[in-house]
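**Q** Sharing a model prediction with you, sequence too.
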Amino acid sequence: MMSALNILIVDDEANIRKTLSICLESHGHSVKSVSNGRDALSEAGREVFDLAFVDLRLGTESGLDLIPVLREACPWMKIVMITAYASVETAVEAMKLGASDYIPKPFTPDQVEVVTGRVSEIRSMEQRIASMKDDLDRFNPGVDFESSSPLMQKAVATARQAAASDASILLRGESGTGKSELAKAIHSWSARSAKPFSVVSCPALSPELLESELFGHAKGSFTGAVRDNPGRIASCEGGTLFLDEIGDLPVQLQSKLLRFMQGREYERVGDNVTRRANVRIIAATNRDLESAVKAGAFREDLYYRLNVIQVELPPLDGRPEDIEKLACRMLSFFAAQNHKAISGFTMEAMAALRNYRWPGNIRELRNVVERAAILCPGEKVGTESLPSSISVRKHEICLGDSVSLESIEEEHIRRVIASTRSLQEAAEVLGIDQATLWRKRKQFGL
């Protein structure tokens with residue numbers, strides 16, 4: 001069914017305006033009609049129109065002159081030229097100026113319905129796309145790699161330069177410093193940006209499942225393999241594969257990954273067919289790979305193959321000049337998401353954010369700001385909306401400090417939550433179940 005449109009008619013003939021209005025309104029559209037360009041612009045300034053029917057000749061005016069002006073007033077508006085003086089030249093000129101269609105006089109109701117139906121489909125599609133984009137934007141406050149920190153500026157500059165090549169890149173930095181987001185950005189800056197970008201978390205799967213996830217498997221190769229699986233490498237053809245926490249890649253898979261990186265060749269699990277793929281590898285780690293190589297836990301040849309270009313992301317407490325900007329941007333996002341009119345932080349709250357060491361880095365800052373936006377009762381976020389560990393303490397608790405066991409427990413739980421990706425992972429690190437973690441979080445206000 002055709003969606004109802006808001007339509008503007010611009011024609012100097014009263015009969016045409018009336019006939020066209022009746023035709024369009026009979027199909028449920030809302031119609032405004034005017035006789036000249038001045039009134040058309042006045043209406044466009046007051047109301048949002050999906051479609052405009054514009055006569056080529058408006059007395060002494062030219063409808064062609066009106067096209068770019070209307071488009072500037074309403075960029076989303078579709079313009080259909082109508083005229084008794086139809087020619088190929090005027091049609092081409094109208095399209096160049098931004099018209100989306102062209103119908104000659106005298107036109108029939110069927111012609112009007114076809115043109116209007118086409119515009120209705122286009123507008124519905126545009127709105128669905130915009131809605132989907134908004135839905136995606138709600139999940140993340142966006143990524144901003146602008147920084148006042150020389151260390152961060154150097155990291156981003158190196159990443160941008162490396163993006164233009166096909167070289168492997170190794171992103172290093174503490175958990176929560178933004179390695180995954182920078183990997184996505186590198187892909188978007190590269191010539192592969194129109195191709196797939198995929199992420200595989202090396203610690204998230206068992207060695208067997210990780211091998212299948214990366215390289216694919218043949219039907220029947222193991223219990224549960226009820227169909228062929230092409231694997232992430234095949235599905236990323238022409239694009240980029242991001243291997244997160246590469247330091248946790250099982251030793252038995254390191255040789256297979258090395259072979260792929262050297263010759264772009266691999267086999268699926270349970271299949272002897274050698275396949276090729278054109279995929280760029282970006283890896284990330286928060287581990288000391290050099291020590292892992294010395295200990296025999298990580299292949300030296302794979303390390304050098306991955307480490308063609310290394311980008312080191314500084315921890316958040318190593319770029320204190322960025323804390324205020326990051327916090328304010330995140331607050332703006334989460335305030336809008338929660339339908340709150342929050343204008344910023346109080347001086348005391350911002351001082352508390354600056355004085356805190358942020359062991360969980362940007363990920364922890366994001367969680368703190370989201371919590372503050374939800375709990376903030378007024379126009380500015382005060383220290384009462386921040387976790388007590390941030391608003392009260394001026395330094396991190398260390399073992400041996402003159403503090404209670406409860407304070408140490410709270411600090412440890414907070415750090416683990418900040419440095420892990422989910423509450424389930426945090427509970428596993430802490431050696432407790434999720435119900436116990438939930439009670440601890442409620443107890444400490446985390």
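**A** Done, it's in.

**Q** so N367 is in which element?
**A** helix 361-375 (DSSP states H and E).

**Q** Tell me the helices and strands packed up against that helix.
**A** Judged by 3 or more C-beta pairs under 8 Å, 6 or more residues apart in numbering; DSSP states H and E, helix 361-375 is in contact with helix 323-337, helix 347-355, helix 405-419. (Each C-beta comes from the backbone N, C-alpha and C, glycine too.)

**Q** change it to 7 Å
**A** helix 323-337, helix 405-419 (3 or more C-beta pairs under 7 Å, 6 or more residues apart in numbering; DSSP states H and E).

**Q** need the least confident one among these, by mean pLDDT.
**A** Across the helices and strands packed on helix 361-375, helix 405-419 has the smallest mean pLDDT, namely a mean of 79.

**Q** just checking, next helix/strand downstream of that helix?
**A** With secondary structure assigned by DSSP H and E, helix 405-419 is succeeded by helix 423-430.

**Q** just so I know, which of the helices and strands packed on helix 361-375 lies nearest V251?
**A** helix 405-419 (24.8 Å; C-beta to C-beta).

**Q** Using the three-state scheme, assign V119.
**A** What DSSP: H, G, I helix; E, B strand; the rest coil gives for V119 is helix.

**Q** residues contacting it?
**A** V119 makes contacts with 5, 50-51, 78, 100, as judged by C-beta atoms under 7 Å, 6 or more residues apart in numbering.

**Q** Looking at the residues you listed, which are in strands?
**A** Those of the contacts of V119 mapping onto strands are 51, 78, per DSSP state E.

**Q** ok, which stretches of the stretch 1-150 of the chain are strands?
**A** 6-10, 30-34, 51-55, 57-58, 61-62, 78-83, 101-104 (DSSP state E, counting those that start in this stretch).

**Q** Out of those, indicate the one that is most buried.
**A** Ranked by average neighbour count under the criterion mean count of other C-beta atoms under 10 Å, the strands of the stretch 1-150 of the chain are headed by strand 51-55 at a mean of 25.

**Q** Check which strands are paired with that one and give the direction for each one.
**A** According to DSSP bridges, strand 51-55 forms sheet pairs with strand 6-10 (parallel), strand 78-83 (parallel).

**Q** Next, format those strands as TSV and append distance to D248 and mean pLDDT.
**A** Below are the strands paired with strand 51-55 laid out as TSV (distance: least, C-beta to C-beta, whole Å; pLDDT from 0 to 100):
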stretch	distance to D248	mean pLDDT
strand 6-10	56	90
strand 78-83	53	87
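
**Q** Which of the ones you listed sits closest to L386?
**A** strand 6-10 (46.3 Å).

**Q** Now find how far off-centre the closest one is within its chain.
**A** 36 Å (C-alpha atoms, centre = their mean, to the nearest Å).

**Q** So what touches it?
**A** 17, 20-21, 24, 29-34, 40, 43-44, 47-55, 58, 63, 66.

**Q** the bottom helix or strand of the protein by mean pLDDT?
**A** Counting by mean pLDDT, DSSP states H and E, the weakest-scoring helix or strand in the chain turns out to be helix 109-139, with a mean of 72.

**Q** Following the chain past that one, name the next helix or strand.
**A** helix 150-163.

**Q** Turn the strands paired with strand 51-55 into JSON lines, including distance to E379.
**A** Formatted as JSON lines, the strands paired with strand 51-55 follow (distance: least, C-beta to C-beta, whole Å):
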{"stretch": "strand 6-10", "distance to E379": "36"}
{"stretch": "strand 78-83", "distance to E379": "41"}
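
**Q** Which one, of the ones you listed, ends up nearest to T285?
**A** strand 78-83 (50.6 Å).

**Q** Count the neighbours of the residue nearest to F145 when sequence neighbours are not counted for me.
**A** Leaving aside its chain neighbours, F145 sits nearest to V156 (4.7 Å; criterion: C-beta to C-beta, 6 or more residues apart in numbering). V156 has 19 neighbouring residues, counting by other C-beta atoms under 10 Å.

**Q** Surely V156 and S148 touch.
**A** No - in this structure, V156 is not within contact of S148 by C-beta atoms under 7 Å, at 11.9 Å.

**Q** hmm, back to that, so, if you compare the contacts of V119, which one comes nearest to T108?
**A** Out of the contacts of V119, the member with the shortest distance to T108 (by C-beta to C-beta) is L51, at 17.8 Å.

**Q** what comes up buried for stretch 353-363?
**A** 353, 356-363 (16 or more other C-beta atoms under 10 Å).

**Q** With stretch 39-46 instead?
**A** Neighbour-count burial for stretch 39-46 [16+ other C-beta under 10 Å]: 40-41, 43-44.

**Q** got it, and stretch 431-446?
**A** In stretch 431-446, counting by 16+ other C-beta under 10 Å, buried: 437, 440-441, 444, 446.

**Q** Could you find the closest non-adjacent residue to A84?
**A** Closest to A84 by C-beta to C-beta, 6+ apart is K105, at 4.1 Å.

**Q** Could you pull up the residues touching the one you found?
**A** So K105 contacts 82-84 (C-beta under 7 Å, 6+ apart).

**Q** Look up phi and psi at the residue nearest to V269 when sequence neighbours are not counted.
**A** Leaving aside its chain neighbours, V269 sits nearest to H217 (3.8 Å; criterion: C-beta to C-beta, 6+ apart). Main-chain torsions, H217, degrees, to the nearest 10: phi -150, psi 160.

**Q** Could you count how many residues lie near H217?
**A** 23.
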